[in-house]
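Chemist: Fold the stuff below for me.
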Amino acid sequence: MKNTPFYIASRYLTAEKGSTAVTFITWLAAIAMMVAVAAMFIIISVFSGLEDLNREMISNLHADLTIKSKEGKTLKDVQNIEDKLNKQNQIAAYSKVIEEKVYLEYSGKGDIAFLRGVDENYTRVNPIQKAVFFGSYPSFKYSNEVLMENLMSNRLSVPVGEGADFVTIFMPKAGTGLINKEEDIFNKKEIYVTGVFPGNEQMNNYIIGPIELSQQLLQLPKNSAYQVVVKLKKPEEAENVKKILNEQLKNQYTISTKKEENAAFWKMINIEKLFIYLIFALVIFITTFNLAGAIIILQLDKKDQAKSLISLGFPIKDLRKTYFYTGMLIVISGIISGLAIGTIICFVQLKTSFFKANETLPFPVRIEPLNYLWVIITAAGFGLLVSWFFSKINRLYLTKN
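Modeler: Below you'll find the predicted structure:
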């Protein structure tokens, strides 16, 4: 028989007769590996789903390209930027934006907010109007019409839509000198909330209104802006268009892609995913101690049989291979069954959304080949190492009385 060690190893696992303790410990090691592999695959698949969910949630937070000033907040020569953008065939739309922190007050309640002043083209860059679930997007006929994030609207109990009261918005004044009255500290205006939109971690406490409102509160001239956001016809060409614009604008401005704008956020997500992977890799490593125990118990239980094989001329290296193959068969059976169970649970979640993070949000899941690869490499790597180390039996151990 060409592969006697493998045949003996397979018989150790599948034989109906044998030590009850050995059988129990062997299958306990396989089940422990199966559970650890299934858990790791499910958690990694959930994190892959969370990546998709986060990507969807912030997909409209940043434009394909964002043009900012290198010095200060206000862009210089906005008309020159617009002229260059109008000549680019790759650009679908662009919008001027001014974003600043403000204070809101209504009916004795107050809150800190971020005012994002935008022009009428903003919805072509960021279709925020599609997210409005109550009321309507500002008509831009008046400079004091705004869209408010839902949680802030609830905290302030602001009425929305026709017949609604006005909310007072305060913008701190820049400057020096003595402060004698409130007008020396703030510019303020009365604003009217036309609609609300659902926020997320990146858009909490936001109000969106005409850019004229921001210009008036900040006492900026007309056509001024803090940034210009750009939507491309082909977002995958962002780097090429960025390079062209930098050349045409002579590197006077900071131009960043959507990926660069979200760099800190994705770095945080990737670090979290790495730590989750390391934690479950540690779990699998601890699980392999069951495998080590199974190999040791098997060696003790089969000591007499091993002596007989050695006496018949069976090489000790092949005996070591037998225990190594036994360990790897336990690992392989645990990996296959664990991945099968993990895949079934993920498919059930995709079809039924049975497990929920809250009342309305099911845990997102994405099954992809890379997840299988990482789990297999981790489990097989630790299993290979433990099986190899604990299969190194000593000849003296077998031959001594």
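Chemist: what ranges do the helices span in the stretch 201-350 of the chain?
Modeler: Per DSSP state H, counting those that start in this stretch, the stretch 201-350 of the chain carries helices over the ranges 211-218, 238-248, 258-261, 263-301, 303-311, 316-352.
Chemist: what packs against the fourth one?
Modeler: Applying 3 or more C-beta pairs under 8 Å, 6 or more residues apart in numbering; DSSP states H and E, one finds that helix 263-301 contacts helix 20-57, helix 316-352, helix 369-390. To be clear about C-beta, it is placed using only N, CA and C from the backbone, and glycine gets the same treatment.
Chemist: Likewise for the shortest one?
Modeler: Contacts of helix 258-261 with other secondary structure elements, assessed using 3+ C-beta pairs under 8 Å, 6+ apart, are made with strand 65-69.
Chemist: who touches the next helix or strand after the strand it packs on?
Modeler: The helix or strand immediately downstream of strand 65-69 is helix 78-86, counting by DSSP states H and E. Under the criterion C-beta atoms under 8 Å, 6 or more residues apart in numbering, residues 67, 75, 91, 94, 96, 223-225, 228, 230, 245, 248-249, 253 lie in contact with helix 78-86.
Chemist: contacting residues for residue 74?
Modeler: 220, 224, 225, 226.
Chemist: Next, count neighbours for the last one.
Modeler: Which is residue 226. Residues lying near residue 226 (other C-beta atoms under 10 Å) number 22.
Chemist: In the stretch 301-401 of the chain, where is pLDDT below threshold?
Modeler: Flagging of the stretch 301-401 of the chain using pLDDT under 70 yields the residue ranges 360, 393-401.
Chemist: do that again at 50, thanks
Modeler: Scanning the stretch 301-401 of the chain for pLDDT under 50 picks out 401.
Chemist: what about the nearest residue to residue 125 once chain neighbours are set aside, how many neighbours?
Modeler: Nearest residue to residue 125, sequence neighbours excluded (C-beta to C-beta, 6 or more residues apart in numbering): residue 231, at 4.4 Å. When counting by other C-beta under 10 Å, one arrives at 18 neighbours for residue 231.
Chemist: next one: residue 40
Modeler: Residue 40 has 25 neighbouring residues, counting by other C-beta under 10 Å.
Chemist: Now do the same contact list for it.
Modeler: 280, 281, 283, 284, 342, 375, 378, 379.
Chemist: wait, what's in contact with residue 215?
Modeler: Contacts of residue 215 (C-beta under 8 Å, 6+ apart): 98, 117, 221, 222, 224.
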